[in-house]
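Sequence plus predicted model, see below.
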Amino acid sequence: MGKFYNLYNDSPIRLEYFLASVENLVISPKFQDKVVYYQLLTKFDFLEDKINHPKFGVEALIRDYDLIHEVAEETLNPQQLKILKFIQRTLQLSSHIVSKDPTQLVGQLWGRLQGFNYPDIEKLLKDAEDSNSKKTWLRPLTPSLTTPDSPLIRTFTGHNSSVTAVSVTPDGLKAVSASDDKTLKLWDLATGQELLTLTGHNDWVTAVSVTPDGLKAVSASYDKTLKLWDLATGKEIATFIGDSFMYSCAVSPNSLTIVAGDSSGKVHFISVINNQLSVISSLLSVINNKLSVISSFID
């Protein structure tokens, strides 16, 4: 634990209030309070104590950095804004690790930030290293992990086997993943949190498609089925049983037709009426010993 934990050790309520005070600093009319906002979010002890507190954790800390836009530009210079963004991105990249093992925070910071030669980042890393002075730990000698200026924002973990497909909801807030572990998972894209696990398939899930209204998802599987899911509850709504491995699926813009491809070369057109699945047609054409798709749109 950091020095703030030790300072408020005799008063857990005061510690909790202090760790939650960032938003108050931002909305305060006092210039000095906004300076303190920057100082706290570049101070290792604050990062460590907030991550370790049972009421907060790494996601609450990440949200503190979202308040940057509330701080007037004249309060923080461009370099300070960049430093805060780098630290936030570092925490986002590390969240799936630090949320499970907060002791990895020091190594994650060193592995991602040591290539940035800003005094405040160097001070953050030095304080992080000093906090581990009485422990045995592996300190990266170079930036060996994905750095915060890379395109990667987050890593989502939870599946037990290969992820075969991903579909994002129309509002861009959630995603559904399909996996060889026979499950689908619904994710919060802002936090990386696993919201639901959809179970029901008996073999690899090969494809997934979210309906245009974002309320349901369709999945295809090696168990020769298509399944329609309710994304609010994770419940299976309906199942279509084919006679071959299902490889792919898509949903029409009006959400009334599912198109699916299987291992026999067939393309199935399936209607969705009152949450029931029924075949409209299945098409197959062979030309020069190759399978070709003959498709038509059915209103």
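Great, that's in hand. Numbers count the residues shown, from 1 in each chain.

in this structure, which ranges drop under the pLDDT threshold?
Scanning the chain for pLDDT under 70 picks out 1-11, 72-74, 282-299.

And the contacts of the longest helix that the chain contains?
Determined from DSSP state H, the single longest helix within the chain is helix 78-98. With contact meaning C-beta atoms under 8 Å, 6 or more residues apart in numbering, helix 78-98 is reached by 38, 41-42, 47, 51, 58-59, 61-62, 65-66, 68, 76, 104-105, 108-109, 112-113, 116, 118, 120-121, 124, 145-146, 148-149, 152-157, 191-192. Using the backbone N, CA and C atoms, a C-beta is placed for each residue, glycine as well.

would you list every one of the strands in the protein?
Counting by DSSP state E, the chain has these strands, from start to end: 163-168, 174-179, 183-188, 194-199, 205-210, 216-221, 225-230, 236-241, 246-251, 257-262, 267-273, 276-283, 285-287, 290-292.

Neighbouring strands of the third one in the sheet, and parallel or not?
Here strand 183-188 is paired, per DSSP bridges, with strand 174-179 (antiparallel), strand 194-199 (antiparallel).

Please pick the buried ones from the contacts of helix 78-98.
Buried members of the contacts of helix 78-98, counted by 16 or more other C-beta atoms under 10 Å: 38, 41-42, 47, 51, 58-59, 61-62, 65, 68, 76, 105, 108-109, 112-113, 116, 120-121, 124, 145-146, 148, 154, 156, 191-192.

For burial, what's the neighbour tally of residue 30?
Using other C-beta atoms under 10 Å, residue 30 has 9 other residues around it.

Let me know whether residue 159 touches residue 179 as I believe.
Yes - here residue 159 reaches residue 179: they are 4.2 Å apart, a contact under C-beta atoms under 8 Å.

So between these two, which is more surrounded?
Remark: of residue 159 and residue 179, residue 179 carries more neighbours, 22 against 19, as counted by other C-beta under 10 Å.

which residues does that one form a beta bridge with?
Applying DSSP bridges to residue 179, the residues it is bridged with are residue 163.

now it: how far from residue 92?
Shown here: residue 179 relative to residue 92, a distance of 23 Å by C-beta to C-beta, to the nearest Å.

now swap in residue 79 and tell me
In terms of C-beta to C-beta, residue 79 sits 20 Å off from residue 92.

Pick out whichever of these two has more residues nearby.
Neighbours per residue, other C-beta under 10 Å: of residue 79 and residue 92, the larger number sits with residue 92, 21 against 11.

residue contacts, the nearest residue to the more buried one once chain neighbours are set aside?
Once flanking residues are discounted, residue 92 sits nearest to residue 154: 5.3 Å by C-beta to C-beta, 6 or more residues apart in numbering. When contacts are counted by C-beta under 8 Å, 6+ apart, residue 154 touches 92, 93, 95, 96, 189, 192.

tell me which of those residues is nearest to residue 216?
residue 189 (18.1 Å; C-beta to C-beta).

what's the neighbour count on the closest one?
Using other C-beta under 10 Å, residue 189 is surrounded by 16 other residues.

got it, and residue 57?
16.

same thing with residue 224?
Neighbour count for residue 224, taken as other C-beta under 10 Å: 17.
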